[in-house]
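J.: task: produce atomic coordinates for the following.
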Amino acid sequence: FSNILFIHNFLLDQSAAETFAEARRFGKLVASKARPYSTWNTPPDPDRCLRIGLVSADLRIHPVGHFLEGVLSALTNQPAGRLEFFAYHNHLAHDALTERLRSCCHIWHSVVGLSDEELAALIHSESIDILIDLSGHTAQNRLPMFAWKPAPIQATWLGYFATTGVSTIDYLIADPWTLPESEEIHFSESIWRLPETRLCFTPPAENVEVSLLPALQNGFVTFGCFNNLTKMNDAVVDLWARILTALPDSCLFLKAKQIHDPAIQENIIARYAAHGIGRERLILEGPSPRANYLATYQRVDIALDPFPYTGGTTSAEALWMGVPVLSLAGTSFLARQGVGLLMNASLPEWVASDADDYVARSIAHAKDLQYLSTLRNRLRKQVLNSPIFNAQRFAIHFDSALRSMWHKWCS
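T.: Presented below is the predicted three-dimensional model:
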């Protein structure tokens, strides 16, 4: 059921109302299997140190890990006595990023194999004040456990971009750009907005330089997308083919884990051929180690964001590598992820209002190589100073949000 809800996010013809109805049905199902706590050993002292629980399968080399690391480090470097973090990791994988996250936590548990009742009892016994789900309906999530309400305040953040449907999750953490007020009716959670961005990316440790604009040497513009190919639906192919047709010297660079499969490559070639785009216009590459992957952006002039499932990690990495991202502003939380990143990066001219505007902006940007070159040279510094990379700034806002949730519960 959870997997089906996750798949809904990839569908262009799935209405928000339909998705919400199905999520609510999931919520009722997990509620029927739980016996929620109604009392907690969490004294309602508004100013005491808060115990924050993090529940995730992704406290490792994973997009969630990459977004969480800098934030968690900044939060734990704040004055002592404000927050203590308790991690409940639901995955057997353990890597260098896991160790760095673990060093920021007061207590760390591997909870693989624990039933929902057992995990809820563990969390309840540790007197967690605010319990945060970092998975939503992604792999190895523990959403059914949240129906047991082991903490008085429960929130969902970071790992998912729609409602969980679980009525015992009190808050979904968003921001002013990604979740319009008109969309709040499609969430079982109350929306708690951070003032700038809900996402703050950890700058990569890999020493990869920003290159000169490749188009200056190549004589043509290379568009790129390194997102999971599942996001490249037929409407995306149609729109990207329109861009390639309008700029006959340009090419499209796709890099994804699926492309190592020859059958997948042939399918991509056939899909673009149906729009008159020849094989010679496509660059297709499979996965590579992170340093090599980041260096691949040195061959891309403009990144194209898919829709409605927009990029997150890939967009942050592209911006860090000096590559601007063109995103189509949708109406849903997920479809506006690119809007949130680009507006916080001070790149409003890279947000398109509709499909025609997306094509027009891509053409206009591609024809102005001087602008692209100048932007590329300054972009890493620009985004590192922006809210989407400034962990210290983000930590202040996040800490304030947690404390405000706590004050509201205490009162």
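J.: got a list of what the most centrally placed residue in the chain touches?
T.: Residue closest to the average C-alpha location in the chain (Cα atoms, centre = their mean): Gly312, at 4.3 Å. Counting by Cβ atoms under 8 Å, 6 or more residues apart in numbering, Gly312 makes contact with 63, 67, 199, 337, 341. In short, each C-beta sits where N, CA and C put it, glycine included.
J.: recalculate using a threshold of 7 Å.
T.: Residues near Gly312 by Cβ atoms under 7 Å, 6 or more residues apart in numbering: 63, 199, 337.
J.: same deal with Ile107?
T.: Neighbouring residues of Ile107 by Cβ under 7 Å, 6+ apart: 86, 126.
J.: one more pass at 8 Å, please.
T.: Listed by Cβ under 8 Å, 6+ apart, the contact partners of Ile107 are 86-87, 126.
J.: show me the beta-bridge partners of it.
T.: Partner residues in beta bridges with Ile107, using DSSP bridges, are Phe86.
J.: ok, it to Arg35 distance?
T.: Applying Cβ to Cβ, to the nearest Å, the value for Ile107 to Arg35 is 25 Å.
J.: then Glu349?
T.: Applying Cβ to Cβ, the value for Glu349 to Arg35 is 53 Å.
J.: doesn't Gln154 lie inside a strand?
T.: Yes. Assessed by DSSP: H, G, I helix; E, B strand; the rest coil, Gln154 belongs to a strand.
J.: number of residues surrounding it?
T.: Here the count is done by other Cβ atoms under 10 Å, and Gln154 has 24 residues near it.
J.: who's more crowded, Glu349 and Arg35?
T.: Set Glu349 next to Arg35 and count neighbours by other Cβ under 10 Å: Glu349 wins out with 14 against 10.
J.: mind checking the SS state of the closest residue to the more buried one other than its chain neighbours?
T.: The shortest distance from Glu349 to any non-neighbouring residue, by Cβ to Cβ, 6 or more residues apart in numbering, is to Arg361 (7.4 Å). Under three-state DSSP, Arg361 falls in the helix class.
J.: show me what contacts Arg361?
T.: Arg361 sits next to 326, 349-350, 352 when contact means Cβ under 8 Å, 6+ apart.
J.: from Ser327, how far off is it?
T.: 10 Å.
J.: so what sits against both of the two?
T.: Both Arg361 and Ser327 are in contact with 350, 352, where contact means Cβ under 8 Å, 6+ apart.
J.: Leu384 touches Pro203, doesn't it?
T.: Yes. The criterion here is Cβ atoms under 8 Å, and Leu384 meets it with Pro203 at 6.5 Å.
J.: for Tyr371, see how far away Pro248 is.
T.: Distance of Pro248 to Tyr371, computed by Cβ to Cβ: 21 Å.
J.: of the two, which one has the most company?
T.: More crowded of Pro248 and Tyr371, by other Cβ under 10 Å: Tyr371, with 14 against 9.
J.: assign that one to helix, strand or coil.
T.: Following three-state DSSP, we place Tyr371 in the helix state.
J.: that one and His365 touch, don't they?
T.: Yes. Taking contacts as Cβ under 8 Å, Tyr371 lies within contact range of His365: 7.2 Å.
J.: all the strands of the stretch 151-300 of the chain, residue numbers only.
T.: 153-156, 171-174, 190-193, 222-225, 251-255, 282-285 (DSSP state E, counting those that start in this stretch).
J.: ok, the second one: who's next to it in the sheet?
T.: Take DSSP bridges as the rule and strand 171-174 pairs in its sheet with strand 153-156 (parallel), strand 190-193 (parallel).
J.: how about the fourth one?
T.: Note on strand 222-225: by DSSP bridges, its sheet partners are strand 251-255 (parallel), strand 302-304 (parallel).
J.: am I right that Arg24 is in contact with His186?
T.: No. Here Arg24 does not reach His186: they are 10.0 Å apart, not a contact under Cβ under 8 Å.
J.: who has more neighbours out of these two?
T.: Per other Cβ under 10 Å, whichever of Arg24 and His186 has more neighbours is His186, with 20 against 16.
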